[in-house]
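>>> Predicted model and sequence follow; I will ask about them next.
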Amino acid sequence: MCSLLFDFDGTLFDTEAGHEAAYLKTFQEFNLGECPPYESLKGIKTMEVFARYQSVFQDTRALAQYKSASYQANLDQVKTLVEFNLLAQLVQKDFKLYIVTGGSRRSIDALLDLHQMRDLFQGIVTAEDYGASKPDPEPFLHCIRTHDIQGEVQGIEDSIQGIQSLKAAQVRAVGVHNPVIESLSDVYYPSINTYLTELIQTR
């Protein structure tokens, strides 16, 4: 049996533009100063990002809620990166699929329901479920512990923080979509669909 632990943003869905726009809007609306490059924020809980700016605006929760609402207002514009039929084929071959993300439960569920694909996953771990964000290993370790995952495990990520988290959790790190992480990953594919097709063909 093989379990696949998927990151969500930038791995399964092309949410980067939406999240980046929502962060920019929040920083402008609340006068937080210059917004950091989105690449440096990937995989980190939204609350943790805004906690760094408590000296400017103390109500971290209000900032996170505003950013989340801004992002979710445009969910219908988010494009998919993964071919759903490949995920379905993996399930048929008895792969166990999980999502491990720094995103909120509400945002993740909304996109999965929009595309009617929630049932493909055995479990979903979101920002509300664990303490330390990626690059800490805790998100992936929490998933493994909670769902009693045994046997072969591979993690699929598109960010530096995500790959570091997988490595720290001693999980095989598969990098996709982001050339920046190629040298950090155990194996790298420009497209997640190439990786999934290869898995299906070799099992």
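Okay, I see it.
>>> gap between the residue lying closest to Ile149 once chain neighbours are set aside and Asp94?
Excluding the flanking residues, the one nearest Ile149 by C-beta to C-beta, 6 or more residues apart in numbering is Ser3, at 4.9 Å. C-beta coordinates here come from the backbone N, C-alpha and C atoms, glycine included. Relative to Asp94, Ser3 is positioned 10 Å away (C-beta to C-beta, to the nearest Å).
>>> okay, these two: which has more neighbours?
Per other C-beta atoms under 10 Å, whichever of Ser3 and Asp94 has more neighbours is Ser3, with 21 against 9.
>>> quick one: pLDDT of the residue nearest to Ile149?
Note on Ser3: pLDDT of 98.
>>> Which phi and psi values does it adopt?
phi -110, psi 140 (degrees, to the nearest 10).
>>> what bridges to it?
Ser3 forms beta bridges with Lys96, Val153, as assigned by DSSP bridges.
>>> How about the contacts made by it?
Ser3 makes contact with Phe95, Lys96, Leu97, Tyr98, Gln122, Ile149, Gly151, Glu152, Val153, Gln154 under the criterion C-beta atoms under 8 Å, 6 or more residues apart in numbering.
>>> Equivalent analysis for Leu90, please.
So Leu90 contacts Leu4, Leu97, Leu196, Leu199, Ile200 (C-beta under 8 Å, 6+ apart).
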